[in-house]
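Q: coords please:
(one chain, ligands or ions: 3)
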Amino acid sequence: MTELRTLKVALLGCGNVGAQVARILIDDADALAARTGARLELGGIAVRNLDAERDVDLPQELFTTDAETLVKDADLVIELMGGIEPARTLILTAMRHGACVVTGNKALLAQDGPTLYEEADKAGVQLSYEAAVAGAIPILRPIRDSLSGDRITRVLGIVNGTTNFILDQMDSTGAQFADALAEAQRLGYAEADPTADVEGYDAAAKAAILASLSFHTRFALEDVSCEGITAVSAADIAAAKEAGFVIKLLAIAEKLTDEDGRTGVSVRVHPTLLPREHPLAAVRGAFNAVFIEAENAGELMFYGQGAGGTPTASAVLGDLVSAARRIVLGGPGRTETTTGHVPALPIDAAITSYYIGLDVADQPGVLARIAQLFAEHGVSIEIMRQTIHRDADSNVESAELRIVTHRAREAALAATVEAVKRLDVINSVTSVLRVEGV
Ligand SMILES: NC(=O)C1=CN([C@@H]2O[C@H](COP(=O)(O)OP(=O)(O)OC[C@H]3O[C@@H](n4cnc5c(N)ncnc54)[C@H](O)[C@@H]3O)[C@@H](O)[C@H]2O)C=CC1
Ligand SMILES: N[C@@H](CC=O)C(=O)O
Ligand code: NA
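A: Residues are numbered from 1 along each chain as shown. Ligands and ions are numbered 1, 2, ... in the order given. Next up is the predicted model:
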């Protein structure tokens, strides 16, 4: 049998994902070599603290605090430190020294992707990041390769495991937000700073990557309209449940034409009501799922574990083997194309439905006045439900109104809500959430 060549792998970071990647590289070395056509030798692991406790038992001699020397001497570099610096500089150094890079760092890609893609092109190396979006789910490669002969029109997905876990726990067990978040952190789903998860920034970074690959145009974080789940209350979840909906944090990227006839892409992240029978409503715990609509393929759905050390390591290893195979064959291949030039549209151009909860005075004519305001703004009502409450002490009656609208422009919906707030019969607007799938 011919001797296989050896490719040197440098690993940066040994946390939730990095430790699992190191374990698989060592335990499955023979199988990986057979699939790659080269031996993938783990040359070193850059860490901050040589003596830190790790999830996995790894040979101590692999650890180093000198990440720079490690990347300069590698054929393949895996960046799993997270954050912007020093990850950015180390990736650039690795590529300038001829190494292909695999990363899961969506925050860095969303902030400074173009610099990294340009450097990869210039250096003739591959930059792969399947782990950065929806963890283990193969989603970027299908968009980039399998669908490269089609035109994607819409991407809709649950791409953050932590927030899906929290919303699911609140929906199914009545858990408090803080307890559900602590459990997600314990299970290794949450980012080092969970603000990125609960405020929607992590999903927004993934939405920017999905939109860029789907529409062949570079979209940055600032092109994404972003709303997290911190304002979603237990009352919102209970009201949604009673009306037959579930609340999910969705990332949406879709091609639209705005009121001026300009075609662009609306990229957004926000809590969304979905009918309980919608396929995305069945995505539980930290699982992720992404729907893609393409002109010729029609509807496609990708489902699996979107977070956690071991599942995410699977995506990293897939990228590593693919990059190593290309080295063996000679040539980096093409990692992304930016041939399109579609603008990012503001949130006002989005077309969606709204769920609106109102606390109103129980007087004759109130419903008619509210319905008239909706009609004046060109927003049609699909469902209107009223529940009467009587305060036992004061004996005063008030009414709780729940309205679901038909699809309309976001700008018209927002203007309707503002006008409703000004009506003297409105005590308060208790919730405003977007609805998909009706
Ligand atoms: N945990 C998950 O489910 C997923 C994580 N990711 C991404 O993968 C990357 C890694 O995530 P985790 O493993 O969860 O993070 P983590 O926080 O568990 O691990 C990062 C490790 O890198 C080390 N590190 C940070 N700066 C360093 C430096 N300057 N030099 C040496 N070591 C350094 C930290 O000490 C830590 O051990 C992040 O970019 C994250 O966004 C992507 C998909 C899923
Ligand atoms: N914090 C992220 C990890 C994966 O990207 C999540 O919860 O989905
Ligand atoms: Na993925």
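
Q: counting neighbours, what do you get for Asn222?
A: I think there's a mix-up here, since residue 222 is Glu and not Asn. If you count neighbours by other Cβ atoms under 10 Å, Glu222 ends up with 12. In this view, the C-beta of every residue, glycine as well, is placed from N, C-alpha and C.

Q: am I right that it is in a helix?
A: Yes: secondary structure of Glu222 (DSSP: H, G, I helix; E, B strand; the rest coil): part of a helix.

Q: give me the pLDDT for it.
A: Among the per-residue scores, Glu222 shows a pLDDT of 94.

Q: and it, what does it touch?
A: Residues near Glu222 by Cβ atoms under 8 Å, 6 or more residues apart in numbering: none.

Q: Ala74 now?
A: Per Cβ under 8 Å, 6+ apart, neighbours of Ala74: 8-10, 43, 94, 97, 99.

Q: let me see the contact set for Leu32.
A: Leu32 neighbours (Cβ under 8 Å, 6+ apart): 24-25, 40, 317, 321.

Q: these in helices, which ones?
A: Among those, the subset assigned to helices under DSSP state H consists of 24-25, 317, 321.

Q: so the one residue in the stretch 201-350 of the chain that gets nearest to ligand 1, which of the three states?
A: In the stretch 201-350 of the chain, the residue that lies nearest ligand 1 is Ala307 (3.4 Å; Cβ to the nearest ligand atom). What three-state DSSP gives for Ala307 is coil.

Q: for beta bridges, what are the partners of Ser225?
A: Beta-bridge partners recorded for Ser225 (DSSP bridges): Arg268.

Q: quick one on the thing from earlier: make JSON lines from the contacts of Ala74 and add distance to Ile370 and neighbour count to it.
A: JSON lines is the format used below for the contacts of Ala74 (distance: Cβ to Cβ, whole Å; neighbours: other Cβ atoms under 10 Å):
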{"residue": "Lys8", "distance to Ile370": "68", "neighbour count": "17"}
{"residue": "Val9", "distance to Ile370": "63", "neighbour count": "25"}
{"residue": "Ala10", "distance to Ile370": "62", "neighbour count": "26"}
{"residue": "Gly43", "distance to Ile370": "67", "neighbour count": "19"}
{"residue": "Ala94", "distance to Ile370": "60", "neighbour count": "29"}
{"residue": "His97", "distance to Ile370": "65", "neighbour count": "15"}
{"residue": "Ala99", "distance to Ile370": "62", "neighbour count": "26"}
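
Q: what's Glu410 sitting at in phi/psi?
A: phi -50, psi -40 (degrees, to the nearest 10).

Q: identify the residues contacting it.
A: So Glu410 contacts 347-352 (Cβ under 8 Å, 6+ apart).

Q: circling back to that earlier point, closest to Leu413 among the contacts of Leu32?
A: Leu317 (44.4 Å; Cβ to Cβ).

Q: Thr36 versus the closest one, what's the distance?
A: 10 Å (Cβ to Cβ, to the nearest Å).

Q: now swap in Arg326 and tell me
A: For Arg326 relative to Thr36 (Cβ to Cβ), the value is 10 Å.

Q: these two - which one has more neighbours?
A: Neighbour comparison, Arg326 and Thr36: the larger count goes to Thr36, with 20 against 16 (by other Cβ under 10 Å).

Q: quick check: nearest residue in space to that one, chain neighbours excluded?
A: Distances taken as Cβ to Cβ, 6 or more residues apart in numbering place Ala324 nearest to Thr36, at 4.6 Å, with adjacent residues excluded.

Q: how about the contacts made by that neighbour?
A: 7, 36-38, 40, 75-76, 100.

Q: mind running it again at 6 Å?
A: 7, 36, 38 (Cβ atoms under 6 Å, 6 or more residues apart in numbering).

Q: the last one bridge partners, please.
A: Spelled out, that is Ala38. Ala38 has the following beta-bridge partners by DSSP bridges: Arg5.

Q: for ligand 1, what are the nearby residues on the protein?
A: Residues of the chain lying close to ligand 1 (Cβ under 6 Å from any ligand atom) are 13-18, 46-48, 67, 80-82, 86, 104-106, 131-132, 135, 188-189, 191-192, 307-308, 312.

Q: for the helix or strand encompassing Ser398, packing partners?
A: Taking DSSP states H and E as the criterion, the element that holds Ser398 is strand 397-405. Secondary-structure packing of strand 397-405 (3 or more Cβ pairs under 6 Å, 6 or more residues apart in numbering; DSSP states H and E): strand 351-361, strand 381-390.
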